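A.B. asks: Sequence and predicted structure, then a few things I'm wondering about:
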Amino acid sequence: MKDIAGWALNTASLRGASYSDARIGDERSRALSTKNGKVGSASDSESRGIGVRVIADGAWGYAASDDLNRDAVQDTAARAVEIAKASSRVKQHDIQLAPEAPVTAEWATPIQIDPFTTSVEQNIDLLLKIDSEVRSVAGVTLAEANMNFHREEQWFVSSEGANIHQTKYTTGVGYAAYAFAGSEIQKRSYPNSYGGQWQNKGYELVAELKLVENARRVGEEAVALLKAEQCPEGVFNIILDGSQLGLQIHESVGHPIELDRVLGMEANFAGTSFLTLEKLRKLRYGSDLVNIVADARQEHGPGLGTFGFDDEGVPAQCTPIITHGLFTGYLSSRETAHTIGANRSGGTLRAESWNRLPIIRMTNISVLPGDKPLTREQLIASTESGIYMETNRSWSIDDKRYNFQFGCEAGWEIRNGKRIRMLKNSSYSGITTEFWSSMDAICSREEWVLWGTPHCGKGQPQQVMGTGHGASPARFRNVKVGSAYKGN
Amino acid sequence: MLNKETAGDIFDRIIKHSTADEIEVLFYGGKSALTRFANNTIHQNVAERNYGVSVRTAFGGKTARATTNKFDDESLRRVVQASENLARVQHPDGDLLPLPGNAALEGGRATPATPSRHFEQTAAMTPEQRADAVKEIVGVASRHRLTTAGIFSTAESIEGVFNSRGLAQWHTQTSSDISITMLAGDSSGWQKANSPDVAQLDAVKLSETAAAKALRSANPREIQPGKYTVILEPAAVLDIVGFMFFDFGGLSVLDQRSFLNNRVGTKLFGENINIWDDVAHPQQSGAPFDGEGVRRQRVQLVENGVVKRLVYARATAEKMKQSEHKNKVGLIEVTGHGFPVPNEMGEAPVNIVFGTPPQSNTVEEMVTGTERGILVTRLWYIREVDPYEKILTGMTRDGTFLIEKGKIAEGLLNFRFNQSLIHMLSNVEELGTAVRASGEESFDMVVPAMKVREFNFTEVTKF
């Protein structure tokens, strides 16, 4: 593969590129699903190709091809240079990359069981067993379960001398129960909504999640929601479970700290950010308990944002984002690092696949657990009144990442430290900094889970990326609840 | 460019590797390029070539799919084997149908002819031509002392379906998109257009309109959220109504996850709402066949506010005919809207065309006739809050204006809405001429601007 990349880099150099890199990707996926006792879909896919990124005449060009023959690779590199020269017709200044020492390295996701060595029969049998348990509950009208494996092998070679070979594995698994009656449809999911839990792990993840053991409860809760009380509207203390808090981090911290958004590079599609540059190390983002990091290192855990090197050859790092409530860091790249006075990229440039240009993406953006031992049940027990909400159902936030609204699958009213009744259609909304400033308790390490968000969309052409979000349940005071249903 | 003849040769090579009872091969891919600009600079500029085959094998009631973008013999052998290995281990499904044969006869009636959607000028666009167009857009921004961001993309793509029962469907088309955001200090404006024919896109006109919106919404004022009369431009209409069309798939009703459960045949929307799925409409796009190669029919989904019909893949139509719902969902027939098999979603209409009333109004005329209301350019981050009442939430963006006494008075801070689509389409007071529109939340459609009473804004944001 290094030879193939070499053809691209040599051609780019001969055509006038001042910098070039080539990523060759070879990917394989398995996707299985069941629905109401039958296999819903069963597919296996593979994809291979090369993407060549160059700077010529001070501007970027990128070209990708599925053809790895020598002539095609050289044509692809030449096309990247042609595109860069066209880019230079509309530029304000030349691209400058923060320095990065080139390395030769091998890295692979540490896995215990290669998921592709497990049999399809075994995979489907497990999904059908879950399906059967869920549908054993009277009132469940639809059961869906899914299992997904992905392996991405990548060779990154740059004109500066980098030569990096990485192999990443991802596993995702989950299920949902639906109940339709009268004029409403309710849903419960496990371990999380939108495909369950996803991590950079092997098949061992499937075994860890107690999928069958929870299936009946999930079905029962879906049916129980039909008869539950409507979540009230008003201002309440709320406790969010870790998976919902993970998505809250994703939308109201992860996206606004992307430096390309801050600099206006995503203004047409994904939007910009309220976190303008002068706010760095000055803005109070949250309460003193809020400590959030962007950590791509393996020691943070097997998140979807864990890797050895990003897609421009920068090693995985940990960047403090919010430190005791103070805003302290952005997600940066070699091109953008200088705008925040950094002399090195934060290592967050990633592409969906070989055919996409790498852009700034979240790594694992995680809230650190509380120092004092505190379980979820202890947190609920210490709450006089409020609402506990679990598992995301809907999410929306404005294009500067300031006003948000989330709906959750299930809620429970808390009174005098106890869950007294189930609530349906729970939702809450707020303003990002006001919300994080209202956090007054967060559970400790034993409740902390590194959740996966597998389908984050960004960029044009749009790219889908997996991100990680470590979180434990936390409490927020005086939050606006229930306005999603107001007036309809 | 992969053509039908070459695809036929590849299909012949694939079929030799198969031991399955039946085999189907989908071809997909093409060449695409996208020039992206921000801060009045081209900051990303990409091109891609990628083709693939997706092989479905079937043994009795068992089927599965495998996909590759490698066309050498060993890769084709491996993709067939992967598909067969996945299929063989499954439990037989009695609902699985044999592959379709002569697709033109599926559905039992003739299918509409579709116009050519391939334009050489679009396919031949160069990076230099796109850059020059961006230069013009930046020129408009500079003249108005604005900053611009957006894209100019062009593509040439293929779709094909071949199967062992002799079906061979092929579609080639081009596409082009321009999307422009103009940014001022505290305001912004946006426009987007797309067409198979790049000559139909006017970058300067779009730029001027986006710039005018940015300038006119400067110093936006905050007004209280609540129920307002709104005028939604076509892009805003398509982005919100797009969230209901998966529910018009027959399998969605069979699965009881559709807001049309027990509602087909009822008057759910206002008298002035008529909706078709029509792949042959001159302003529509896409292939005239579905994921199994079945020709798409023209289907009227909503007639004078009454939900008339659902769309069906072959297997769903058979299931629906046997189901408890068969007498309450209208006409049940194969309509050519299925996704590639196997899948969990069944089918959906994807070539939506709204009816234009005999007396349609322009957005300007709607504004003139509005005592107090809000003009919305674009909606953003729309998500479903309640699947049966079809309550959606989202934000306004890039040009939200207060209308007073028939005139645009000033720009407004953006709102969050929580709005039932059923209520919204029951409260449409005026419709414009349906036009091809393009947004970011839903697929492209032919939709009109709409004036809607009692649109429900629940919060206002800080910008």
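C.D. replies: The structure has been received and is ready for your questions. Residues are numbered from 1 along each chain as shown, chains lettered A, B, ... in the order given.
A.B. asks: got the contact list for A:Asn425?
C.D. replies: Neighbouring residues of A:Asn425 by Cβ atoms under 8 Å, 6 or more residues apart in numbering or on different chains: A:Gln230, A:Cys231, A:Gly407, A:Ala484, A:Tyr485, B:Val385, B:Asp386. Just so you know, the C-beta spots here come from the backbone N, C-alpha and C atoms, and that holds for glycine as well.
A.B. asks: Please report the distance of the fifth one from chain B.
C.D. replies: So that's A:Tyr485. Using Cβ to the nearest Cβ, to the nearest Å, A:Tyr485 is found at 7 Å from chain B.
A.B. asks: got the contact list for that residue?
C.D. replies: By Cβ under 8 Å, 6+ apart, the contact list for A:Tyr485 reads A:Gln230, A:Cys231, A:Glu233, A:Asn425, A:Ser427, B:Val385, B:Asp386, B:Ile391, B:Asn418.
A.B. asks: Report pLDDT for the fifth one.
C.D. replies: A:Ser427 is assigned a pLDDT of 97 by the prediction.
A.B. asks: Return the distance of the residue of the stretch 51-200 of chain A found nearest chain B relative to A:Leu450.
C.D. replies: Closest residue of the stretch 51-200 of chain A to chain B, Cβ to the nearest Cβ: A:Ala86 (3.6 Å). According to Cβ to Cβ, to the nearest Å, A:Ala86 stands 42 Å off from A:Leu450.
A.B. asks: With B:Glu429 instead?
C.D. replies: Distance of B:Glu429 to A:Leu450, given as Cβ to Cβ: 51 Å.
A.B. asks: Which of those two has more residues huddled nearby?
C.D. replies: For B:Glu429 and A:Leu450, the more surrounded residue by other Cβ atoms under 10 Å in any protein chain shown is A:Leu450, and the numbers stand at 23 against 16.
A.B. asks: quick one, what contacts that one?
C.D. replies: By Cβ under 8 Å, 6+ apart, the contact list for A:Leu450 reads A:Gln199, A:His300, A:Gly301, A:Pro302, A:Gly303, A:Asn364, A:Ser366, A:Gly468, A:His469, A:Gly470.
A.B. asks: Name every strand pairing with the helix or strand hosting it and say which way it goes.
C.D. replies: For A:Leu450, the host element (DSSP states H and E) is strand A:449-458. Partners of strand A:449-458 in the sheet, by DSSP bridges, are strand A:463-471 (antiparallel).
A.B. asks: Please point out which parts of the partner strand sit buried.
C.D. replies: Using 16 or more other Cβ atoms under 10 Å in any protein chain shown as the test for burial, strand A:463-471 gives A:Gln463, A:Met465, A:Gly466, A:Thr467, A:Gly468, A:His469, A:Gly470, A:Ala471.
A.B. asks: beta partners for the last one?
C.D. replies: Beta-bridge pairing of A:Ala471, defined through DSSP bridges, involves A:Val449.
A.B. asks: my guess is it meets A:Val253, correct?
C.D. replies: No: counting by Cβ atoms under 8 Å, A:Val253 is not a contact partner of A:Ala471; they are 10.8 Å apart.
A.B. asks: Can you give the domain ranges for chain A?
C.D. replies: Annotated domains of chain A cover A:2-227, A:230-485 [automatic domain parsing].
A.B. asks: With distance to B:Arg88 as added columns, please give those domains in CSV.
C.D. replies: Converted to CSV, the domains of chain A look like this (distance: least, Cβ to Cβ, whole Å):
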stretch, distance to B:Arg88
domain A:2-227, 9
domain A:230-485, 29
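A.B. asks: Those: which one's closest to B:Arg56?
C.D. replies: Of all the domains of chain A, it is domain A:2-227 that lies closest to B:Arg56, at 9.0 Å by Cβ to Cβ.
A.B. asks: Convert stretch A:224-238 to CSV, retaining C-alpha atoms only.
C.D. replies: Taking C-alpha atoms only, stretch A:224-238 is exported to CSV below (Å, rounded to 0.1, in the frame of the first residue of the first chain):
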residue,chain,number,x,y,z
ALA,A,224,-46.6,1.1,30.5
LEU,A,225,-45.8,4.5,28.9
LEU,A,226,-49.2,4.3,27.1
LYS,A,227,-50.9,4.6,30.4
ALA,A,228,-48.4,6.9,32.1
GLU,A,229,-49.2,10.5,33.1
GLN,A,230,-48.2,13.2,30.7
CYS,A,231,-45.0,15.0,31.7
PRO,A,232,-46.1,18.3,33.2
GLU,A,233,-45.0,21.6,31.8
GLY,A,234,-43.1,24.0,34.1
VAL,A,235,-39.7,24.5,35.7
PHE,A,236,-38.3,21.5,37.5
ASN,A,237,-35.1,19.9,38.8
ILE,A,238,-34.2,17.2,36.4
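A.B. asks: what mean pLDDT does it have?
C.D. replies: Averaging pLDDT along stretch A:224-238 gives 97.
A.B. asks: Identify each buried residue in stretch A:339-351, please.
C.D. replies: Of all the residues in stretch A:339-351, those buried under the rule 16+ other Cβ under 10 Å are A:Ile340, A:Ala342, A:Ser345, A:Gly346, A:Gly347, A:Thr348, A:Leu349, A:Arg350, A:Ala351.
A.B. asks: How about the residues of the stretch 201-350 of chain A by chain B?
C.D. replies: A:Leu263, A:Gly264, A:Met265, A:Glu266, A:Ala267, A:Asn268, A:Phe269, A:Gly271, A:Phe274 (Cβ under 8 Å from any Cβ of the partner chain).
A.B. asks: ok, 6 Å please
C.D. replies: Proximity of the stretch 201-350 of chain A to chain B is confined to A:Gly264, A:Met265, A:Ala267, A:Asn268 under the rule Cβ under 6 Å from any Cβ of the partner chain.
A.B. asks: Is the second one in a helix, a strand, or coil?
C.D. replies: When the structure is split into helix, strand and coil by DSSP: H, G, I helix; E, B strand; the rest coil, A:Met265 lands in coil.
A.B. asks: okay, now it: neighbour count?
C.D. replies: A count of neighbours around A:Met265, defined by other Cβ under 10 Å, yields 25.
A.B. asks: same thing with the third one?
C.D. replies: Each residue near A:Ala267 was counted by other Cβ under 10 Å, and the total is 26.
A.B. asks: Quick one: residues contacting it.
C.D. replies: With contacts defined as Cβ atoms under 6 Å, 6 or more residues apart in numbering or on different chains, A:Ala267 is in contact with B:Ala38, B:Ala149, B:Thr181.
A.B. asks: in what helix or strand does the nearest residue to it once chain neighbours are set aside lie?
C.D. replies: Distances taken as Cβ to Cβ, 6 or more residues apart in numbering or on different chains place B:Ala149 nearest to A:Ala267, at 3.9 Å, with adjacent residues excluded. Per DSSP H and E, B:Ala149 falls inside strand B:147-163.
A.B. asks: now swap in B:Arg56 and tell me
C.D. replies: Short version, using DSSP H and E: B:Arg56 is in strand B:41-59.
A.B. asks: Which elements pack onto that strand?
C.D. replies: Using 3 or more Cβ pairs under 6 Å, 6 or more residues apart in numbering or on different chains; DSSP states H and E, the elements in contact with strand B:41-59 are strand A:59-65, helix A:70-87, strand B:22-38, strand B:62-68, helix B:73-88.
A.B. asks: Let's verify A:Ser33: helix, strand, or coil?
C.D. replies: Following three-state DSSP, A:Ser33 is assigned to strand.
A.B. asks: so who does the residue lying closest to it once chain neighbours are set aside touch?
C.D. replies: Sequence neighbours aside, A:Gly40 is the residue nearest to A:Ser33 in space, at 4.0 Å (criterion: Cβ to Cβ, 6+ apart). Listed by Cβ under 6 Å, 6+ apart, the contact set of A:Gly40 reads A:Ser33, A:Thr34, B:Glu344.
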